[in-house]
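A.B. asks: Give me a 3D structure for the following:
(2 chains)
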Amino acid sequence: MIEVENVHKSFGETQVLTGVDLAIEDCDLFAIIGHSGSGKSVLLRHLVGLLRPDRGTVRVGDANLAGLSDDELEAVRRRFGMLFQGGALFDSMTVYDNVALPLRLLDDQSDAEIEERVMTELERVEIADAADQMPASLSGGQVKRASLARAIVREPKYLFYDEPSSGLDPRTSSVIDDLIQRLSETLCRVGIMVTHDMHSVLSIADKVGFLHDGTMRFVGSVEELRRCSDPVLCEFLEANAYQL
Amino acid sequence: MLHTLRTNSVALFRHIGAFLLLMAEAVRAPVYDVATYRQNLARQMRQIGVESLPIVAVAAAFTGGVTTEQTIYQMRSPLIPESTIGAIVVPSVILEFGALITAFILAGRVSARIAAELGSMRIGGQIEALDVMGVSAAGYLVLPRVLAGTLTFPLLYVVASTVGSAAGLGIAAASGDVTTAQFLAGARSFFTGFMAVYGLVKATVFGFLITAIPCYVGFHADGGARGVGRSATRAAVGACVFVLVADYLLALLML
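C.D. replies: Below is the predicted model:
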């Protein structure tokens, strides 16, 4: 479970988060939506410990991230997997080596065990045939899949997705959505997705949080989102041109 | 004026503090996987050492040659023995030019590359990806580069000093003003073991600076493609400046 309580964050004079509260249950796929610049990515960076709040707590399982030393934070993060917006694959490594990297660095496994794990995940995300390719030769969708394989290869308890469908065509975007949903359902992980793509949210999310003016203005199920009564939220949904 | 000076001083100390913290983190980070580290270190040593060898040798040869020509020009007098040419050229190359020319070449070639590489990784999210995996990016990315520079630079320095001295000897002999025997006699009369030790200490310090500074600059890059370009320039210039400062301090302390 992830709990966020009264998190505040400012950069200079700019207040980005002004008291965010949030609770995400195990096995839930939680989508964070909001306008550009509303602080979605800042919130996500707090959840993975890349940023520390000025005030408030971020609790992942039993650990309060804000109170951990760097070594303790590193240990907690080993239960994290993250799909980055641009993939964040290492250009100098093949897809296989990118996916194998966390296993090689963090787990005491033989080469055969690593190969088995890596190929299993590459097959799960359906790019096993691109294992020997360099990231530069992959399409946008393949980069996302490879990054997803790297995120899940150590079977993390918490999965974070930063704009998983950005820059992808609708078909590829839908394939990535299916993968994320399957991972959430079959592996029962806590999934947190920051996205602009309302189609993805409505298709795969269990719960949705709408971040506005630095606070969570709405938290509820997809059905509750569809029955929107808050004018600000309704305006946001209408601006995204989706029929509810 | 006073305000600008104070602001710049504070910024400099902040950078020095952050630099030292990054180095400390790189050193104390666990070695997650020895084989991966060995591969990274070998790759960096090849890029810094082997791939820089031709340009370092060429630069050293020209520096040795020019130093010899200028020394012959300045010492052309019946009152000065011919062996003085060797006595000036070889110690100059060993004490100063061998390390300094190598450092300047590597600042342009290696420092800029390291800063651009790490800057791209910062902006492309790879450094954050390592952080989120629970891997110390400083330990994984910075340590092999700094270690490779610190270990490889002294070897390049030995090559540069040897090639520079040999080129000086060749030019001296070709000029007809000094014989090979006179040049070597002069070089031998002034050469001491301390010169080699001093040169190697200097090379080790320079090797650290030309890799550690760009690691710091690249690690903190921001601002997209322009930021990467800016960090490459800053790293090359910064490495040159700090090499000169270190050069002076080492001369002050050791000579």
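
A.B. asks: elements contacting the lengthiest helix in chain A?
C.D. replies: Using DSSP state H, we find that the single longest helix of chain A is helix A:170-187. Under the contact definition 3 or more C-beta pairs under 8 Å, 6 or more residues apart in numbering or on different chains; DSSP states H and E, helix A:170-187 sits against strand A:29-34, helix A:140-152, strand A:158-162, strand A:190-194, helix A:198-204. (Each C-beta comes from the backbone N, C-alpha and C, glycine too.)

A.B. asks: residues in contact with the nearest residue to residue B:31 once chain neighbours are set aside?
C.D. replies: In this structure, residue B:31 finds its nearest non-sequential neighbour in residue B:37, 5.5 Å apart by C-beta to C-beta, 6 or more residues apart in numbering or on different chains. By C-beta atoms under 8 Å, 6 or more residues apart in numbering or on different chains, the contact list for residue B:37 reads B:31, B:143, B:144.

A.B. asks: Looking at those, which are in helices?
C.D. replies: B:143, B:144.

A.B. asks: just the helices in chain A please.
C.D. replies: Using DSSP H, the helices of chain A run over residues A:40-47, A:70-77, A:95-106, A:111-124, A:140-152, A:170-187, A:198-204, A:222-226, A:231-239.

A.B. asks: between the ones you listed, which has the poorest average model confidence?
C.D. replies: Lowest mean pLDDT of those: helix A:170-187, a mean of 82.

A.B. asks: Can you mark which positions in that helix are buried?
C.D. replies: A:172, A:173, A:174, A:175, A:176, A:177, A:179, A:180, A:181, A:183, A:184 (16 or more other C-beta atoms under 10 Å in any protein chain shown).

A.B. asks: Please apply the same query to stretch B:71-88.
C.D. replies: For stretch B:71-88, by 16+ other C-beta under 10 Å, it's B:71, B:72, B:75, B:82, B:83, B:84, B:85, B:86, B:87, B:88.

A.B. asks: just to revisit the earlier point, right, so the helices of chain A: which one is the most enclosed?
C.D. replies: helix A:140-152 (a mean of 25; mean count of other C-beta atoms under 10 Å in any protein chain shown).

A.B. asks: Which positions in the stretch 101-250 of chain B make contact with chain A?
C.D. replies: Contact residues (C-beta under 8 Å from any C-beta of the partner chain) of the stretch 101-250 of chain B with chain A: B:120-121, B:124-126, B:128-129, B:131-136, B:140.

A.B. asks: which one of those is nearest residue A:157?
C.D. replies: Using C-beta to C-beta, residue B:134 comes nearest to residue A:157 of these, at 12.5 Å.

A.B. asks: Surely the closest one and residue A:81 touch.
C.D. replies: No: contact criterion C-beta atoms under 8 Å: residue B:134 and residue A:81 do not qualify, at 10.5 Å.

A.B. asks: Which of those two has more residues huddled nearby?
C.D. replies: Shown here are residue B:134 and residue A:81; by other C-beta atoms under 10 Å in any protein chain shown, residue A:81 has more neighbours (28 against 21).

A.B. asks: follow-up on the earlier one: make JSON lines from the residues of the stretch 101-250 of chain B next to chain A and add pLDDT to it.
C.D. replies: Shown next, in JSON lines, are these (pLDDT from 0 to 100):
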{"residue": "B:120", "pLDDT": "95"}
{"residue": "B:121", "pLDDT": "95"}
{"residue": "B:124", "pLDDT": "92"}
{"residue": "B:125", "pLDDT": "92"}
{"residue": "B:126", "pLDDT": "95"}
{"residue": "B:128", "pLDDT": "94"}
{"residue": "B:129", "pLDDT": "94"}
{"residue": "B:131", "pLDDT": "92"}
{"residue": "B:132", "pLDDT": "92"}
{"residue": "B:133", "pLDDT": "91"}
{"residue": "B:134", "pLDDT": "90"}
{"residue": "B:135", "pLDDT": "91"}
{"residue": "B:136", "pLDDT": "91"}
{"residue": "B:140", "pLDDT": "93"}
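
A.B. asks: Can you name the two of these that sit furthest apart?
C.D. replies: B:120 and B:134 (22.4 Å).

A.B. asks: circling back to that earlier point, any chance of the helices and strands packed on helix A:170-187 in CSV, with distance to chain B too?
C.D. replies: Below are the helices and strands packed on helix A:170-187 laid out as CSV (distance: least, C-beta to the nearest C-beta, whole Å):
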stretch, distance to chain B
strand A:29-34, 17
helix A:140-152, 8
strand A:158-162, 8
strand A:190-194, 12
helix A:198-204, 20
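
A.B. asks: out of these, nearest to residue A:76?
C.D. replies: Closest approach to residue A:76 among the helices and strands packed on helix A:170-187 (C-beta to C-beta): strand A:158-162, 9.2 Å.

A.B. asks: for that closest one, what is the average pLDDT?
C.D. replies: Rounded mean pLDDT across strand A:158-162 is 92.

A.B. asks: about what we covered before: adding distance to residue B:154, write the helices of chain A out as TSV.
C.D. replies: Output for the helices of chain A, formatted as TSV (distance: least, C-beta to C-beta, whole Å):
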stretch	distance to residue B:154
helix A:40-47	42
helix A:70-77	33
helix A:95-106	30
helix A:111-124	35
helix A:140-152	38
helix A:170-187	50
helix A:198-204	55
helix A:222-226	64
helix A:231-239	62
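
A.B. asks: The residue nearest to the spatial centre of chain B: which element?
C.D. replies: With distances taken as C-alpha atoms, centre = their mean, residue B:103 lies nearest the centre of chain B, 2.9 Å away. Using DSSP states H and E, residue B:103 sits within helix B:98-106.

A.B. asks: could I have that helix exported to CSV, CA atoms only?
C.D. replies: Provided in CSV are the C-alpha atoms of helix B:98-106 (Å, rounded to 0.1, in the frame of the first residue of the first chain):
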residue,chain,number,x,y,z
GLY,B,98,54.5,15.6,-21.0
ALA,B,99,51.7,15.8,-18.4
LEU,B,100,50.3,19.2,-19.4
ILE,B,101,50.0,18.5,-23.1
THR,B,102,48.4,15.1,-22.4
ALA,B,103,46.0,16.8,-20.0
PHE,B,104,44.9,19.5,-22.5
ILE,B,105,44.4,16.8,-25.2
LEU,B,106,42.4,14.7,-22.9
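
A.B. asks: Nothing else from me, thank you.
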